[in-house]
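**Q** Next one to model:
(chains A and B)
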Amino acid sequence: MKTTEPSSSVTTPEAFPPPSIGAWQHRHILDLDDFTREEIELVFEIADAMAEILTREVKKVPTLRGKTVVTLFYEPSTRTRASFELAAKNLSADTVSLDASKSSIAKGESLVDSLRTIQALGADVIVMRHLQSGAPYVATQYIDCSMINAGDGWHAHPSQALLDLYTIRRHLGKLGGLKAAIIGDIMHSRVARSNVWGMTIMGVKVVLCAPPTLLPRGLNSFITNCKLPNVSIETSVESALEKADVVMPLRLQIERQQSGLLPTLREYVQLYQLTEERLSLAKPHALVLHPGPMNEGIEISPEVAHGAQSVIEEQVTNGVAIRMALLYLIAGGKNK
Amino acid sequence: MPERILMSPEDMQRALVRVAHEILERNKGAQDIVLVGMQTRGVPLAERLATTIQGLEGFAVPVGSLDISLYRDDISSLALKPIIHRTDVPVDVTNKQVVLVDDVFYTGRSIRAAMDALIDLGRPQSIQLAVLVDRGHRELPIRADYVGKNIPTSRNEEIKVYVKEVDSEDKVTLLSSDKEND
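**A** Presented below is the predicted three-dimensional model:
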């Protein structure tokens, strides 16, 4: 494995004592903004052990026998939902999968009523995706079981950010001092938001790059007010990519063009698509990540998406290990 | 009550050499043996047995490490979840004579978990158990095949095994305490 020199003046010691389980403070996983570096290290350490299980012929351990994990999705998802369900099944938990469009929710049941019903059915963990930012925070006020946010509106997607960081760490051997360029529709991206927190905690320098219309309003003052010196904004993709160790294009939702945020899709492709030529501006072995689903030919060229530097498929595999670690940490023992 | 030393480094070494001989005798050589140490202190003990066996037979026996946390029967009653170490068994255990190696043999619950963990990795020809110290008080019908030292204890006492690789010294001690220990 190659080593990469820190690209900036970010100084974060890599030599940390091994994380101890006592570091874990969470009953719910809602976003990474309230995580400590030690907690993230702990998730990674346990994910390493889970990754070994995934290489076995029989990918199942009895740890969460008798626990019930419910996935409640108010928005379509393939990989996140499948990933959580496989993670739960690999740990021998029982899983129930609820789809908002096919349950009483479609008959008008409120979020709180749905959650209370699910809890009464015996759920130990609810994994929820909701269209509204903040919905899982409201939810935790009404339930006693654990909640994992599997994406809420534009706000947060903590397990995705953790699997991104884990994938980077597995390839580059460290996180502190790296430079990551996140390119595309930052405004609507919960993945970008959770990664800003996760990367900041782990000492990664983050460059957010998008056309001005796709940057959240007030981002500059947010960075100043939250004292995030490692986060910067860049509208030119070429400068964002310069000496980057990690490049993460985000999915461009085609609907954005209709809403007037982009003049034309073609212009976006010309100015922002991650092509082989542009990728060559980053460090020679820079990693390419994508939270999926990809629009090949829009935010990323097919050559890059399936090229040697792409770790996009590995992100999916690592996602299962990370989610197993999260379920183990919040459902493994009595924590009520 | 002060910590009383029950085994010196030399005692530990002699016990391990004898256990290595017994393993070879029982399995008629080192050919199909895989030594699997249980995290944490069983792993260096397994490595030492392998070194001794190599010295006797000139054959490098594969050594693996096993973490049993995910197989514990008390996982849902623990307030603090144990940290999981990596399980790393470098060879396929199917049709091998697997010798589990642990430091202290007590209730037998860890060994039960270890057998489940091992069987998830393959189908060994046999699973045998080597322990440095057997302190009694079994709660399951499990026995050891190779024992370094039998030390009858009361449940209020605690046996601690120190190994150089983890604790920077070799010794086995006995402590009395008021709380139950496993």
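**Q** Phi first, then psi, for B:Ala117.
**A** phi -60, psi -40 (degrees, to the nearest 10).
**Q** who are the neighbours in contact with it?
**A** A:61, B:66-68, B:70-71, B:87 (Cβ atoms under 8 Å, 6 or more residues apart in numbering or on different chains). For glycine as for every other residue, the C-beta is placed from the backbone atoms N, C-alpha and C.
**Q** Max pairwise distance over the residues you listed: which two?
**A** A:Val61 and B:Leu66 (12.2 Å; Cβ to Cβ).
**Q** For chain B, just list every one of the strands.
**A** Under the criterion DSSP state E, strands of chain B are mapped to B:4-7, B:33-38, B:63-66, B:97-105, B:126-134, B:146-150, B:157-162, B:171-176.
**Q** and those as JSON lines, adding mean neighbour count and distance to chain A?
**A** Output for the strands of chain B, formatted as JSON lines (neighbours: other Cβ atoms under 10 Å in any protein chain shown; distance: least, Cβ to the nearest Cβ, whole Å):
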{"stretch": "strand B:4-7", "mean neighbour count": "16", "distance to chain A": "28"}
{"stretch": "strand B:33-38", "mean neighbour count": "25", "distance to chain A": "14"}
{"stretch": "strand B:63-66", "mean neighbour count": "23", "distance to chain A": "11"}
{"stretch": "strand B:97-105", "mean neighbour count": "26", "distance to chain A": "16"}
{"stretch": "strand B:126-134", "mean neighbour count": "22", "distance to chain A": "17"}
{"stretch": "strand B:146-150", "mean neighbour count": "19", "distance to chain A": "27"}
{"stretch": "strand B:157-162", "mean neighbour count": "19", "distance to chain A": "19"}
{"stretch": "strand B:171-176", "mean neighbour count": "17", "distance to chain A": "23"}
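**Q** Dump the ones you listed to TSV, plus distance to A:Tyr137.
**A** Shown next, in TSV, are these (distance: least, Cβ to Cβ, whole Å):
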stretch	distance to A:Tyr137
strand B:4-7	55
strand B:33-38	42
strand B:63-66	40
strand B:97-105	45
strand B:126-134	49
strand B:146-150	55
strand B:157-162	45
strand B:171-176	47
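**Q** Columns mean pLDDT on top of the ones you listed, output as CSV?
**A** Below are those laid out as CSV (pLDDT from 0 to 100):
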stretch, mean pLDDT
strand B:4-7, 94
strand B:33-38, 97
strand B:63-66, 96
strand B:97-105, 97
strand B:126-134, 97
strand B:146-150, 97
strand B:157-162, 94
strand B:171-176, 92
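**Q** Chain neighbours aside, what residue packs nearest to B:Gly148?
**A** Excluding its sequence neighbours, the residue lying closest to B:Gly148 (Cβ to Cβ, 6 or more residues apart in numbering or on different chains) is B:Ala15, at 3.5 Å.
**Q** The one you found is in contact with B:Asp134, isn't it?
**A** No: the pair B:Ala15 / B:Asp134 is not scored as a contact, 11.3 Å apart, by Cβ atoms under 8 Å.
**Q** quick revisit: tell me which of the contacts of B:Ala117 fall in helices.
**A** In helices, judged by DSSP state H, none of the contacts of B:Ala117 are found.
**Q** Just put these in a markdown table and tack on distance to A:Glu314.
**A** Below are these laid out as a markdown table (distance: Cβ to Cβ, whole Å):
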| residue | distance to A:Glu314 |
| --- | --- |
| A:Val61 | 22 |
| B:Leu66 | 26 |
| B:Asp67 | 23 |
| B:Ile68 | 28 |
| B:Leu70 | 23 |
| B:Tyr71 | 27 |
| B:Thr87 | 21 |
